[in-house]
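Q: Build me a model:
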Amino acid sequence: MDYDDLELILFWVLAVAPSVLLIIAGAVIHAKLPRRWMARFLVAGLLACIAYCAFGGIVAMRLFPPPYDEHFAGGRGLDLRGTALILGGFVGAAAGAAATLGTFGVSAFLARWRAVQTS
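A: Here you go, the predicted structure:
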């Protein structure tokens, strides 16, 4: 496996992981904790997405740096390897924010639906 394949895999992991984790966390909070925790989930999820946008791709670049290439080392060309990791962090943060808002919205809808059904 060369670096291009690794970069593609890491891009998709960085892009999908926040959404999956935030949806699971929101579902657990909705099912097990009182209603007031969903507002905390909303704030914490959005703040986590901002932090992920700022640091997710950079941390991935530090953990999986692009290989050294003599051709690009002297400034003789544009080396774009690794930019997919930064882009994956941005995409993951946007998708995570959308997942947080969606999970909060579904939880609020279900809470209202239950309130209407019981009254």
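Q: Y68: which element?
A: Assigned by DSSP states H and E, Y68 falls within no helix or strand.
Q: Okay, buried residues for the longest helix along the chain please.
A: Longest helix of the chain, by residue count under DSSP state H: helix 83-118. Neighbour counts using 16 or more other CB atoms under 10 Å place 84-86, 88-97, 99-100, 103-104, 107 of helix 83-118 among the buried residues. C-beta here means a position set from N, CA and C on the backbone, and glycine is covered the same way.
Q: Give me the pLDDT for T118.
A: Looking at T118, its pLDDT reads 88.
Q: In contact with Y3, which residues?
A: Applying CB atoms under 8 Å, 6 or more residues apart in numbering to Y3 gives the contacts P66, P67, R81.
Q: should've said S107
A: G26, I29, H30, M38.
Q: roughly how far apart are it and V16?
A: 21 Å (CB to CB, to the nearest Å).
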